[in-house]
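# model the following, please.
(chains A and B)
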There are 2 protein chains.
Amino acid sequence: MKLIDGNAIAKSIIEELTTEVSRLKDGRPVVAFIRVGEDPASISYVRKKQKTAEQIGIESRLFLLPEDVSKTALFEQIDVLNCDPSVNGILIQAPLPKHIDETETFNRVVPHKDVDGFNTVNIGKLCQEDTKGFVACTPAGIIELIQRSNISTEGKHVVVLGRSLIVGKPAALLMLRKAVPGNATVTICHSRTTNLENITQQADILIAAIGRANFVTADMVKEGVAVIDVGINRVEDSSRSRGYRLVGDVDFAQVSKKASLITPVPGGVGPMTVAMLMHNTLRAYQEVHST
Amino acid sequence: MKLIDGNAIAKSIIEELTTEVSRLKDGRPVVAFIRVGEDPASISYVRKKQKTAEQIGIESRLFLLPEDVSKTALFEQIDVLNCDPSVNGILIQAPLPKHIDETETFNRVVPHKDVDGFNTVNIGKLCQEDTKGFVACTPAGIIELIQRSNISTEGKHVVVLGRSLIVGKPAALLMLRKAVPGNATVTICHSRTTNLENITQQADILIAAIGRANFVTADMVKEGVAVIDVGINRVEDSSRSRGYRLVGDVDFAQVSKKASLITPVPGGVGPMTVAMLMHNTLRAYQEVHST
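Next up is the predicted model:
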């Protein structure tokens, strides 16, 4: 078994991006973050993204709106950033307060600044294999992990657990593309799948994104499988000062004995998402400055 | 074995649409066809669509452009129809001449008049399970065939042969939806798939859309499978006056002996596409007139 070290791979990407940004001649990329309310996890995520941006040389601008912000006021803020030619990427930190529709909000961002890849147009482009669209950061990170670990996907059977719009579906579409990585036979499983283990046992590559702690057990996979574990679940652990530890959707201790390659949790897919956000921001900048 | 009679099902849909249109109080739907050049197949398809529209009470308007039309002139024609409030649906008959990019052309049609469902926004909406988008007519027809034949899909294993943007991918996305039909476990296979028969043998429902005559043989499927054959292929046949006959991607003679339900070719999926185009046109009309 070989560990897929997401921290190390993300670090390489961040270093590559730093070099690329340092070579830019006319300014540097700008990413705008909109955070609504004071959710502690959101504060922490946005801070992490800002820190990584700074490290790379990407300018970040933070816009804070109150929890009770009206949809109109939020959309006005988005519109201002849409129209500001100095802003290359716009990220609206989820989750949003319940009175604001997330899909509608993500669609308010103009597609060419939608570095989160949540806009309907960017999702459509992914389906069309139009590489000019932005791919959502988690599935984009999965693809980078696979590529940089030299996992061959052509003709392989990729089984995706989970059909979410954020991970499962885009990951499946990416593995289907006529590209490298890609050209895989893809099966998508979910909560309604019957005889799940019959299918997961066929996987050459298993992508687990269902949000259930230690759900995939060793008897569900075949010897030599490559495993990408997207889950980040809290389980009680009184031995930790914070009272819990983070585990994936895959029972790492047992499955890692059969797997040829496997991502740990934490330290697998997680670190990749911020790196891919920065990758998308630089691409958004380059799109504008190459024309 | 029971035959899925696409002609009969399409006829039912057309009758339902005729009733619905006859009940409209303030006018009737209008679909605009743009045909470029004099391709005999295109002439025949557009004529068939016009005839069905007329039968339902949908007004059709035909715009003929020469084979050497410039992109600018074609796009101007599309723009005029986009802006014309009396036009509900716009269909640009494919194939287009080689000097005109089809994806760019389909994207010129405003999403709410894109009754063909080829616009990036409508493809994205399909992925997002946003039912307000238009689904391309062939995959929409497949879903209707499945639903009206009372084929249960929940938890079933649907195997899709083919990953095209026109059929394979949207059919897979539709079968994945949290809906009826939908909630299926979905595998997508294609030219790069290895051990194809191992996968097709698992299919409870097999959707074949690869364009290879009689490709799916009886040994590739299990007893009781439901088969939707999207292929329309010409094979030489000197006993026919035209010198060929049409066959599907499935070896009907042999596979029909094992299948519980199967579509014939012709008379299966084919007749459904025109019916679904009319369905989409009426929906486009209703969207405008309900607001």
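
# C-alpha only now, for contacts and for neighbours.
Will do.

# can you get me a residue count around A:I151?
By the criterion of other CA atoms under 10 Å in any protein chain shown, A:I151 has 16 neighbours.

# can you tell me how far it sits from chain B?
From A:I151 over to chain B the distance is 16 Å, taken as CA to the nearest CA, to the nearest Å.

# for the nearest residue to that residue once chain neighbours are set aside, give me the pLDDT.
Setting aside the residues directly before and after it, A:I151 is nearest to A:A226 in space (CA to CA, 6 or more residues apart in numbering or on different chains), at 7.9 Å. Model confidence at A:A226, expressed as pLDDT, equals 98.

# cool, and A:T291?
The predicted local confidence for A:T291 comes out at a pLDDT of 54.

# and the helix or strand encompassing A:V288, how far out from the chain middle?
Following DSSP states H and E, one finds A:V288 within helix A:270-289. Its chain's C-alpha centre and that of helix A:270-289 lie 12 Å apart, by CA atoms, centre = their mean, to the nearest Å.

# cool, and stretch A:1-12?
With CA atoms, centre = their mean as the basis, the distance from the averaged C-alpha position of stretch A:1-12 to the chain average is 15 Å.

# run through who's touching it.
Where contact means CA atoms under 8 Å, 6 or more residues apart in numbering or on different chains, the residues beyond stretch A:1-12 that reach it are A:145, A:148-149, A:256-264, A:267-272, A:275.

# please apply the same query to stretch A:44-54.
Stretch A:44-54 is contacted from outside by A:I14, A:F33, A:R35, A:E59, A:S60, A:Q93, A:V274, A:A275, A:M278, using CA under 8 Å, 6+ apart.

# residues near the third one, how many?
Here the count is done by other CA under 10 Å, and A:R35 has 22 residues near it.

# what about it, which SS state?
The three-state label for A:R35, taken from DSSP: H, G, I helix; E, B strand; the rest coil, comes out as strand.

# wait, it touches A:L65, no?
Yes - A:R35 is within contact range of A:L65, at 6.3 Å (criterion: CA atoms under 8 Å).

# just give the nearest non-adjacent residue to the spatially most central residue of chain A, would you?
When chain A is reduced to its mean C-alpha position, the nearest residue by CA atoms, centre = their mean turns out to be A:T138, at 1.2 Å. Nearest non-adjacent residue to A:T138, counting by CA to CA, 6+ apart: A:T273, 5.0 Å away.

# what's the pLDDT at that neighbour?
Model confidence at A:T273, given as pLDDT, is 97.

# who in the stretch 1-150 of chain A is up against chain B?
Contacts of the stretch 1-150 of chain A with chain B, taken as CA under 8 Å from any CA of the partner chain, map to A:T120, A:V121, A:N122, A:I123, A:G124, A:K125, A:C127, A:Q128.

# burial measure for A:E144, as a count.
A total of 20 residues lie near A:E144 under the criterion other CA under 10 Å.

# swap in A:N195?
As a measure of burial, A:N195 has 11 neighbours, counting by other CA under 10 Å.

# just the pLDDT for it.
Model confidence at A:N195, given as pLDDT, is 95.

# do A:V216 as well
What the model reports as pLDDT for A:V216 is 98.

# which parts of the stretch 151-291 of chain A are helices?
Shown for the stretch 151-291 of chain A, the helices assigned by DSSP state H, counting those that start in this stretch span residues A:168-176, A:196-200, A:252-258, A:270-289.

# quick check, A:K156 in contact with A:Q202.
No - counting by CA under 8 Å, A:Q202 is not a contact partner of A:K156; they are 9.9 Å apart.

# of the helices of the stretch 151-291 of chain A, which approaches B:K222 most closely?
Counting by CA to CA, B:K222 lies closest to helix A:196-200 out of the helices of the stretch 151-291 of chain A; the figure is 16.1 Å.
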